[in-house]
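1. make a model of this:
(one chain, ligands or ions: 1)
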Amino acid sequence: KWKGEGTTLNLESIVIGRCYDYIRLVNPAVGEKNCSEIWEAFKNAFINKDPCSILPKDYELFISLSLHPIPPNKSLFWENNQLLVNSFADRGRRYMSLADTLFGFLGDFLNWCGQANSTGLDYESCPTTEECENNAVESFWRMASITYAQHSSGVIHVLLNGSAVGGAYPQPGFFADYEIPNLQKDKISQIVIWVVDDIEGPDVDSCGTHTVKVLENRLNTLGYDVTCTDNYKSVMFLLCLDYPDDSKCTLSSSAPAAQRGPVSSD
Ligand code: ENP
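-> Numbering: from 1, shown residues only. Next comes the predicted model:
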């Protein structure tokens, strides 16, 4: 009856399995967590309720059970480049995006909703944000975003897509609406913005223009030390894995002999 995809099959096994994967292998530094209790708290946020009346605060117990420190200087906020961020952050080894925290990891790529007057999950369909914003998934990410921003400290990184239609810094958006307002200014030394274009994509937005300018002005007005870099090299190297021959992917302008072609014999 809803327009969105239904609950991911085997949701309970996936969430509990991911929880053990995270605390035992991905990030054992978080220490002991009660994965079955975390699942119960997650489920109780939305089961047996109208699927359009789920609020961020319904996930409060889930968050408090799964919360752990976020290392300073490791936070990575983003818009419109989920798969790139997944590889770049490397499950918390390089950066710790929301999906690399325990609470974000548990929901990443999944879909879920319940139904009124039933303790069952709805595997057929779930409401989209257009149908109702107070749905189980949207409210989960709102609560997770708020918590992640509140616990981020040191140098904050923001990876934006300069080829995104509508601009690199979307408004409304999770970063604009739930993350920036919840950053703790006294714990933050700097905000580093990276605007990276898709290799074969258009250059829609850059540092100092359009929506990125709006973002820079907003953060400056809030009193943050802000820097912005276009096509940051480390991220470019990662994107270039898939486009080694694109002109944006030459390693340097003075290419070494091997790249210039064979040396003529005369
Ligand atoms: P999209 O629309 O590019 O990608 C949404 C996909 O990313 C969904 O598969 C979602 O999992 C997963 N995801 C991972 N982290 C988040 C998240 N954090 N979030 C919503 N979805 C997330 O992403 P958005 O909507 O622009 O959100 C980007 C935001 O994530 C940025 O604010 C960034 O700073 C933040 P699922 O379970 O829905 O399938 C917050 C909201 O970390």
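
2. alpha carbons of stretch 1-15, as PDB, please.
-> The C-alpha trace of stretch 1-15 is given here as PDB (Å, rounded to 0.1, in the frame of the first residue of the first chain):
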ATOM      1  CA  LYS A   1       0.000   0.000   0.000                       C
ATOM      2  CA  TRP A   2       3.000   2.400   0.400                       C
ATOM      3  CA  LYS A   3       5.200   3.600  -2.400                       C
ATOM      4  CA  GLY A   4       8.500   2.600  -0.800                       C
ATOM      5  CA  GLU A   5      10.200  -0.800  -0.700                       C
ATOM      6  CA  GLY A   6       9.200  -3.100   2.200                       C
ATOM      7  CA  THR A   7      11.300  -4.200   5.100                       C
ATOM      8  CA  THR A   8      14.600  -5.900   4.100                       C
ATOM      9  CA  LEU A   9      14.100  -9.700   4.500                       C
ATOM     10  CA  ASN A  10      15.900 -11.200   7.500                       C
ATOM     11  CA  LEU A  11      16.200  -7.800   9.200                       C
ATOM     12  CA  GLU A  12      16.600  -9.200  12.700                       C
ATOM     13  CA  SER A  13      19.400 -11.500  11.700                       C
ATOM     14  CA  ILE A  14      21.100  -8.800   9.700                       C
ATOM     15  CA  VAL A  15      20.900  -6.200  12.600                       C
END
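
3. all numbers from here: first residue = 59
-> Sure, I'll start numbering at 59, so the last one becomes stretch 59-73.

4. quick one: contacts of that stretch?
-> Here stretch 59-73 makes contact (C-beta atoms under 8 Å, 6 or more residues apart in numbering) with 96-97, 100-101, 109, 164, 168-171, 179-186, 188-189, 193. Placement of C-beta: from N, CA and C, glycine included.

5. filter those to the buried ones?
-> 96-97, 100-101, 109, 164, 169-171, 179-180, 183-185, 193 (16 or more other C-beta atoms under 10 Å).

6. what is the end-to-end distance of stretch 226-235?
-> End-to-end distance for stretch 226-235: 15 Å, by C-alpha to C-alpha, to the nearest Å.

7. buried residues in that stretch?
-> So stretch 226-235, judged by 16+ other C-beta under 10 Å, has buried residues 226, 227, 228, 231, 232, 233, 234.

8. max pairwise distance over those: which two?
-> Maximum pairwise distance among the buried residues of stretch 226-235 (C-beta to C-beta): 14.1 Å, between 226 and 232.

9. what about residue 78, how many neighbours?
-> The local packing of residue 78 (other C-beta atoms under 10 Å) involves 12 other residues.

10. how about the helix or strand harbouring it: buried residues?
-> Using DSSP states H and E, the element containing residue 78 is helix 69-79. Neighbour-count burial for helix 69-79, counted by 16+ other C-beta under 10 Å, picks out 69, 72, 73, 74, 76, 77.

11. the very next helix or strand once past it and the ligand, are they touching?
-> Where DSSP H and E defines the elements, the next helix or strand beyond helix 69-79 is helix 93-102. No: on the criterion C-beta under 6 Å from any ligand atom, helix 93-102 is out of touch with the ligand, staying 11.9 Å away.

12. please save the CA atoms from stretch 177-192 in PDB.
-> Extracted in PDB, the C-alpha atoms of stretch 177-192 (Å, rounded to 0.1, in the frame of the first residue of the first chain):
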ATOM      1  CA  THR A 177       3.800  -6.600  16.100                       C
ATOM      2  CA  GLY A 178       4.800  -7.800  12.600                       C
ATOM      3  CA  LEU A 179       7.100  -5.900  10.200                       C
ATOM      4  CA  ASP A 180       5.700  -4.900   6.800                       C
ATOM      5  CA  TYR A 181       7.700  -6.700   4.200                       C
ATOM      6  CA  GLU A 182       5.500  -5.600   1.300                       C
ATOM      7  CA  SER A 183       6.000  -1.800   1.400                       C
ATOM      8  CA  CYS A 184       7.000   1.100   3.600                       C
ATOM      9  CA  PRO A 185       6.200   4.800   3.400                       C
ATOM     10  CA  THR A 186       8.600   7.100   1.500                       C
ATOM     11  CA  THR A 187       9.600  10.500   3.000                       C
ATOM     12  CA  GLU A 188       7.300  12.100   0.400                       C
ATOM     13  CA  GLU A 189       4.400  10.100   1.800                       C
ATOM     14  CA  CYS A 190       5.200  11.000   5.400                       C
ATOM     15  CA  GLU A 191       8.400  12.300   6.900                       C
ATOM     16  CA  ASN A 192       7.800  10.700  10.300                       C
END
